[in-house]
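K.L.:
pasting the sequence and the predicted coordinates here, then a few questions.
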Amino acid sequence: MGIFERFLSLWVALAIAAGVALGALFPQVAQAVATLDVARINLPIALLIWGMIYPMMLAVDFGSIGALRRQPKGLVVTVVVNWLIKPLTMTAIAWLFIRGLFAAWIPAAMADQYIAGMILLGVAPCTAMVFVWSRLCAGDANYTLVQVAINDLILVFAFAPIAALLLGVSQVLVPWDTLLTAVGLFVVVPLLAGWFTRVLLRSPGRIERLEQRLKPLAIVSLIATVLVLFLVQAQAILSNPLAIVLIAIPLILQTHLIFWISAQWMRRWGQPKAIAAPGAMIGASNFFELAVAVAISLFGLNSGAALATVVGVLVEVPVMLSLVAIANRNQRLFPDQAGALR
């Protein structure tokens with residue numbers, strides 16, 4: 001492992017501190033970066049995420065994807081956890097903490113909005129960043145791609161009705177521009193780029209050497225993503241730190257809960273780490289671009305719901321990195337069995 005990978009947690013912590021400090025000292029710069037968006041997706045962050053995902057896509061072997069049908073159990077776990085378990089646990093945890101344990105510190109009207117934002121995060125499982133988490137925990141690139149593809153297909157049909165049901169509203173207007181742009185930017189384009197690169201290079205040895213050369217780019221992009229996220233949200237963090245903490249606690253607990261449910265189920269079904277770890281990551285992380293966009297469209301830019309989804313953005317990377325560390329160190333939970341498709 002290189003110096004960036006060996007001390008990744010330290011670099012992320014420094015990036016968080018630097019992002020908040022720069023955002024506080026140069027709010028005009030943070031505002032300028034925040035306005036660089038298309039379909040509510042920030043372009044600098046999108047480019048950095050693309051830099052993280054492209055090396056993962058190089059590892060996708062299109063010729064072996066058809067063989068994944070012989071290992072359906074990992075896909076079943078991913079689908080059931082993401083769409084039948086995660087939305088309900090998020091709703092329950094949000095009510096328990098925001099309406100219950102933290103009620104003394106949160107006004108009732110604002111509590112409803114915080115809960116709404118948290119529910120939107122719970123109904124939007126990850127689309128893009130899971131490729132990064134999969135790579136960091138040595139996931140099977142082919143299987144991860146299929147898991148994400150199935151998840152995206154279900155997302156198109158299931159997000160709006162599940163969100164409307166749990167929010168108690170008659171209709172959730174899905175921002176299709178955000179949804180389609182995110183899937184295109186973070187899945188389709190890097191996938192095609194990876195395929196085209198493999199066609200050009202032809203030799204497995206050349207592909208592997210390119211992957212090794214791009215590893216520093218992926219790690220640097222991850223650290224830079226953290227810095228930019230905290231840069232653009234620095235004012236929100238500093239202006240309302242108690243609300244940030246109160247929202248972050250249940251979100252972190254929910255993330256760990258879904259991770260452990262998925263991991264334990266994968267383990268009981270005998271799934272190897274290369275399949276089980278990325279599957280647990282998909283449910284644990286969130287499609288925060290979609291959640292933020294829907295919160296703003298339903299409740300407004302300055303609403304508590306929008307703030308809750310922004311907190312989801314802030315805790316995403318540090319918490320998911322901690323889960324990557326667990327996946328890499330816990331041999332009992334994620335046994336490195338034979339059987340992952342290569």
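P.N.:
Right, received. Where do you want to start? Numbering: from 1, shown residues only.
K.L.:
touching, V232 and N42? I think so.
P.N.:
Yes - the criterion here is Cβ atoms under 8 Å, and V232 meets it with N42 at 7.2 Å. C-betas here are computed from N, CA, C, even on glycine.
K.L.:
what touches both of the two?
P.N.:
Common neighbours of V232 and N42 (criterion: Cβ atoms under 8 Å, 6 or more residues apart in numbering): 33-34.
K.L.:
okay, those two: which has more neighbours?
P.N.:
V232 (24 against 21; other Cβ atoms under 10 Å).
K.L.:
so what's the more buried one up against?
P.N.:
Shown in contact with V232 (Cβ under 8 Å, 6+ apart): 23, 30, 33-34, 42.
K.L.:
for R69, grab the count of nearby residues.
P.N.:
9.
K.L.:
with V146 instead?
P.N.:
Neighbour number of V146 under other Cβ under 10 Å is 19.
K.L.:
distance of it from A327?
P.N.:
19 Å (Cβ to Cβ, to the nearest Å).
K.L.:
please, a PyMOL command that selects the buried ones among the contacts of V232?
P.N.:
Of those, the buried ones can be selected in PyMOL as follows, counting by 16 or more other Cβ atoms under 10 Å:
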select buried, resi 23+30+33+34+42
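K.L.:
could the contacts of V232 go into a markdown table alongside pLDDT?
P.N.:
What follows is the contacts of V232, written out as a markdown table (pLDDT from 0 to 100):
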| residue | pLDDT |
| --- | --- |
| G23 | 91 |
| A30 | 87 |
| V33 | 88 |
| A34 | 82 |
| N42 | 79 |
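K.L.:
beyond the host helix or strand of I219, next helix or strand please.
P.N.:
Assigned by DSSP states H and E, I219 falls within helix 204-232. Next helix or strand after helix 204-232 toward the C-terminus (DSSP H and E): helix 234-239.
K.L.:
name the SS class of T255, please.
P.N.:
Under the three-state scheme (DSSP: H, G, I helix; E, B strand; the rest coil), T255 adopts helix.
K.L.:
for it, which residues are in contact?
P.N.:
Counting by Cβ under 8 Å, 6+ apart, T255 has contacts 284-285, 315, 319-320, 323.
K.L.:
before we move on, back to that, buried sites along the helix holding I219?
P.N.:
Neighbour-count burial for helix 204-232 [16+ other Cβ under 10 Å]: 207, 211, 214, 218-219, 221-232.
K.L.:
ok, stretch 239-257 next?
P.N.:
243-244, 246-251, 254-255, 257.
K.L.:
residues near I106, how many?
P.N.:
21.
K.L.:
where does the chain have low pLDDT?
P.N.:
Along the chain, segments meeting pLDDT under 70 span 1-7, 59, 61-68, 169-174, 179, 301-302, 336-342.
K.L.:
give the residue farthest from the middle of it.
P.N.:
Distance from the C-alpha centroid of the chain peaks at S203, with 32.2 Å (Cα atoms, centre = their mean).
K.L.:
and it, how close does it get to L210?
P.N.:
For S203, the distance to L210 - Cβ to Cβ - is 10 Å.
K.L.:
just S9 next, same as before
P.N.:
27 Å.
K.L.:
ok, V156 next?
P.N.:
Going from V156 to L210 by Cβ to Cβ gives 33 Å.
K.L.:
count of residues packed around the nearest residue to P250 once chain neighbours are set aside?
P.N.:
The shortest distance from P250 to any non-neighbouring residue, by Cβ to Cβ, 6 or more residues apart in numbering, is to F97 (4.0 Å). Using other Cβ under 10 Å, F97 is surrounded by 23 other residues.
K.L.:
try L36
P.N.:
L36 has 14 nearby residues by other Cβ under 10 Å.
K.L.:
what sits against it?
P.N.:
Counting by Cβ under 8 Å, 6+ apart, L36 has contacts 42-44.
K.L.:
and the strands in this protein?
P.N.:
37-38, 41-42 (DSSP state E).
K.L.:
single out the most deeply packed of these.
P.N.:
Of all those, strand 41-42 carries the top mean neighbour count, a mean of 21, counting by mean count of other Cβ atoms under 10 Å.
K.L.:
what is that one packed up against?
P.N.:
Where contact means 3 or more Cβ pairs under 8 Å, 6 or more residues apart in numbering; DSSP states H and E, strand 41-42 is packed against helix 176-183.
K.L.:
dump the buried residues of stretch 239-257 to CSV, plus distance to G117.
P.N.:
Listed next are these as CSV, based on distance: Cβ to Cβ, whole Å:
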residue, distance to G117
A243, 11
I244, 12
L246, 12
I247, 8
A248, 12
I249, 14
P250, 11
L251, 10
Q254, 13
T255, 15
L257, 18
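K.L.:
can you get me a residue count around P190?
P.N.:
By other Cβ under 10 Å, neighbour count at P190 equals 24.
K.L.:
quick one: it and G51 touch, right?
P.N.:
No - under the criterion of Cβ under 8 Å, P190 is not in contact with G51, lying 9.3 Å apart.
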